[in-house]
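Asks: requesting a structural model of the entry that follows:
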Amino acid sequence: MAGDMGVMSGLIATNSSELATLRKLGEKDYYEFTLPRNGGAKKVGDIQLALKKADVKRNKFTLDVMADDKRVEKKDKNVNEPVQFYTSNARTPYEVVVNEIRKDQVIGYLAVPKVKAMARR
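Replies: Model prediction:
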């Protein structure tokens, strides 16, 4: 599946058993989260996520992603669509996948690549 950056994504988990299978592969670190709409930014892995809008009827959501002291709005994303973004220390994109949208709440996971870029001197 291609993510919002047009980059082909790896495997996407749509439930907890599929997420457990991805963890066993060992290619990425996975962090599960539940974000309330009015809860402000929540630390997930080494980034922060904040839910701006959750539309249960249309299965869409809007997130703020805070990484590397920058805030990027990811607007009107679908359930199980990988929301991809790069950080300064990763060569492959991070992926946020929301599996479930409830009223004023989303549930999903963050996939963080295990291979980081070498520190520059």
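Asks: element containing the most centrally placed residue in the chain?
Replies: Residue closest to the mean C-alpha point of the chain, counted by Cα atoms, centre = their mean, is residue 96 at 1.2 Å. In the assignment (DSSP states H and E), residue 96 maps to strand 94-102.
Asks: buried stuff in that strand?
Replies: Using 16 or more other Cβ atoms under 10 Å as the test for burial, strand 94-102 gives 94-99, 101. The C-beta positions use only the backbone N, C-alpha and C, and glycine is treated the same way.
Asks: strand partners of that strand, parallel vs antiparallel please.
Replies: Paired strands of strand 94-102, with direction, are strand 83-85 (antiparallel), strand 105-113 (antiparallel) (DSSP bridges).
Asks: sorry, back to before: skip the chain neighbours and tell me the closest residue to the residue nearest to the centre of the chain.
Replies: In space, and not counting its chain neighbours, residue 96 is closest to residue 83: 4.3 Å by Cβ to Cβ, 6 or more residues apart in numbering.
Asks: for that neighbour, give me its contacts.
Replies: By Cβ atoms under 8 Å, 6 or more residues apart in numbering, the contact set of residue 83 is 3-4, 63, 65, 74, 77, 95-98.
Asks: so residue 86 sits against residue 113, correct?
Replies: No: applying Cβ atoms under 8 Å as the test, residue 86 and residue 113 come out as separate, 10.0 Å apart.
Asks: got any residues that touch both of these two?
Replies: Counting by Cβ under 8 Å, 6+ apart, the contacts common to residue 86 and residue 113 are 93-94.
Asks: run through the helices of this structure in chain order.
Replies: All helices of the chain, identified by DSSP state H, fall at 16-25.
Asks: show me where it has its strands.
Replies: In the chain, the strands defined using DSSP state E lie at 28-36, 42-44, 47-55, 60-67, 70-78, 83-85, 94-102, 105-113.
Asks: which of the ones you listed sits closest to residue 18?
Replies: strand 94-102 (9.4 Å; Cβ to Cβ).
Asks: no more questions from me, cheers.
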